[in-house]
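[1] Okay, here's the prediction I keep looking at, along with the sequence it came from:
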Amino acid sequence: MIITIDGPAGAGKSTIARLLAQTLSEQSGKTFEYLDTGSMYRAIALLGLRRHVDWNIAGQLESLTKNTTINVNNGKTFLDGEDVTELVRSPEVTEKTRFAADNPAIRLIMVTLQRSIAEQFVRCGKGLVTEGRDQGTAVFPDAPIKFFLTATPKERAKRRLKELQDCGKQGDFNEILRRITERDLRDTSRTVGPLRIPENAIQIVSDGITIENVVNQMLQKIAAEK
Ligand code: C5P
């Protein structure tokens with residue numbers, strides 16, 4: 001079974017997808033894997049930074065991508081065999097990821113890879129919780145359960161600020177809010193694989209709701225679909 005979770009940046013998709021996969025595994029006795037597709041685009045951006053690509057020449061990043069192996073396993077992201085899970089979260093990588101995500105040829109490679117990862121899991125009798133921007137619309141439009149997880153920009157900015165403060169870092173609320181709004185615009189206006197509410201998706205707005213509560217809502221919907 002494939003379960004998709006799409007939504008904007010900062011809606012808590014990664015944490016929730018991981019927890020949902022873990023809970024479903026515990027409850028059903030069948031292993032549910034978790035796929036963070038944003039980390040795959042991030043890994044390509046990291047590669048571009050390391051190879052000093054000219055970001056204005058789309059073909060450069062594209063040919064690097066064709067000659068690279070991206071792997072996602074057990075919540076970890078590998079670039080040519082190297083574990084880059086932490087490295088892809090840096091602000092430099094976040095800033096450059098749009099060059100991978102906005103490139104149609106790179107998207108096609110990622111979508112093909114995501115489908116083959118899913119096929120492999122399903123073949124081995126596993127389930128999959130996959131999260132991103134286009135999972136329920138373009139990659140797995142036939143998935144039996146699709147969620148669209150969102151929160152207002154202000155709520156997402158507030159959470160991001162708290163995350164920074166919890167790590168002893170400073171942040172400016174208005175600047176964080178500006179960046180979130182900018183990413184929303186970029187994600188929804190992309191010509192290939194834009195962020196959209198998938199057909200038949202269950203929408204959850206997580207303002208003021210705990211992570212556990214969101215996961216419980218999802219579990220109830222999944223149980224009701226069976
Ligand atoms: O979710 P995360 O912030 O890690 O994603 C990084 C970037 O990759 C996002 O800004 C988004 O534009 C892009 N992305 C995408 N399609 C996906 C997942 C992420 O275009 N399926």
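    Looks like it arrived, so ask away.

[2] What is the burial count for Ser189?
    10 (other CB atoms under 10 Å). Glycine gets a C-beta too; all of them are placed from N, C-alpha and C.

[3] Can you check the pLDDT for it?
    As predicted, Ser189 sits at a pLDDT of 94.

[4] what's near enough to touch it?
    Contacts for Ser189 (CB atoms under 8 Å, 6 or more residues apart in numbering) come out as none.

[5] go again using 10 Å as the cut-off
    102, 195 (CB atoms under 10 Å, 6 or more residues apart in numbering).

[6] swap in the one 3 residues further on?
    With contact set as CB under 10 Å, 6+ apart, Val192 has these partners: 101-108, 111, 134, 138.

[7] and if you look at Phe140?
    Phe140 neighbours (CB under 10 Å, 6+ apart): 2-4, 111, 114-115, 118, 128, 130, 134, 146, 198.

[8] Likewise for Asp80?
    43, 47, 67-71.

[9] Geometric centre of the protein: which residue is closest?
    Closest to where the C-alpha atoms of the chain average out (CA atoms, centre = their mean) is Gly132, at 3.2 Å.

[10] gap between the helix or strand hosting Ala118 and the chain center?
    Assigned by DSSP states H and E, Ala118 belongs to helix 104-123. Distance of helix 104-123 from its chain centroid, counting by CA atoms, centre = their mean, to the nearest Å, is 14 Å.

[11] coming back round to it: which among the contacts of Val192 count as buried?
    101-103, 106-107, 111, 134, 138 (16 or more other CB atoms under 10 Å).

[12] Which one of those residues is nearest to the ligand?
    Nearest to the ligand among those is Ala101, at 3.5 Å by CB to the nearest ligand atom.

[13] Give me the nearest residue to that closest one, chain neighbours excluded.
    Tyr41 (4.7 Å; CB to CB, 6 or more residues apart in numbering).

[14] tell me the contacts of the one you found?
    Contacts of Tyr41 (CB under 10 Å, 6+ apart): 70, 88, 93, 96-103, 106-107, 110, 132-133.

[15] relative to helix 104-123, how tilted is the helix or strand containing it?
    For Tyr41, the host element (DSSP H and E) is helix 38-50. Calculated by axes from the mean of the first three to the mean of the last three CA atoms, to 10 degrees, helix 38-50 forms an angle of 140 degrees with helix 104-123.

[16] ok, then the element right after helix 38-50?
    Past helix 38-50, the next helix or strand by DSSP H and E is helix 58-66.

[17] hmm, that following helix touching the ligand?
    No - judged by CB under 6 Å from any ligand atom, helix 58-66 stays clear of the ligand, getting no closer than 13.6 Å.

[18] what residues does the protein put near the ligand?
    9, 37-39, 41-42, 97, 101, 132-134, 183, 187, 193.

[19] who wins for neighbours among those residues?
    Gly132 leads these on contacts (other CB under 10 Å) with 28 neighbours.

[20] where does that one fall, phi/psi-wise?
    Phi and psi for Gly132, reported as degrees, to the nearest 10, are phi 180, psi -140.
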